[in-house]
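Trainee: Fold the following and give me the result.
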Amino acid sequence: MTKDLSLIALAAWLHRQSEQARSSAEMEADEYGMRATLETAARFAQASRVVKEAADRERGGQTQKPKPSAANEA
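Mentor: Presented below is the predicted three-dimensional model:
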């Protein structure tokens, strides 16, 4: 459980860093700086998604899978 919370906290932090980098890119005066900052924002966003998926997988392995409803059974 603690590991899941740590992964979720890391994903949230990476997401915030992505948003901050994206905001900084809008303030960049030169094109190269803006492009580099947007690339950094994209990397943070991708890392956030990867960590969130890992946390979801960890959580999924520890909880019971919901049983399909009778309507889904054929």
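
Trainee: contacting residues for residue 24?
Mentor: By CB atoms under 8 Å, 6 or more residues apart in numbering, the contact set of residue 24 is residue 37. Glycine gets a C-beta too; all of them are placed from N, C-alpha and C.

Trainee: tell me which element it falls in.
Mentor: helix 2-27 (DSSP states H and E).

Trainee: Residue 44 - how many residues pack around it?
Mentor: 20 (other CB atoms under 10 Å).

Trainee: begin at 286 from here
Mentor: Sounds good: first residue 286 from here, last item residue 329.

Trainee: Let me know the secondary structure of it.
Mentor: Assigned by DSSP: H, G, I helix; E, B strand; the rest coil, the conformation of residue 329 is helix.

Trainee: What is the least confident helix or strand in this structure?
Mentor: helix 287-312 (a mean of 85; mean pLDDT, DSSP states H and E).

Trainee: Check which residues of it are buried.
Mentor: 292-293, 295-296, 299-300, 302-303, 306-307, 310 (16 or more other CB atoms under 10 Å).

Trainee: what do you get for stretch 310-329?
Mentor: Those would be 310, 322-323, 325-326, 329, for stretch 310-329 by 16+ other CB under 10 Å.

Trainee: that older thread, in JSON lines, list the buried residues of helix 287-312 along with distance to residue 340.
Mentor: Below are these laid out as JSON lines (distance: CB to CB, whole Å):
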{"residue": "292", "distance to residue 340": "4"}
{"residue": "293", "distance to residue 340": "5"}
{"residue": "295", "distance to residue 340": "8"}
{"residue": "296", "distance to residue 340": "6"}
{"residue": "299", "distance to residue 340": "12"}
{"residue": "300", "distance to residue 340": "12"}
{"residue": "302", "distance to residue 340": "17"}
{"residue": "303", "distance to residue 340": "17"}
{"residue": "306", "distance to residue 340": "22"}
{"residue": "307", "distance to residue 340": "23"}
{"residue": "310", "distance to residue 340": "27"}
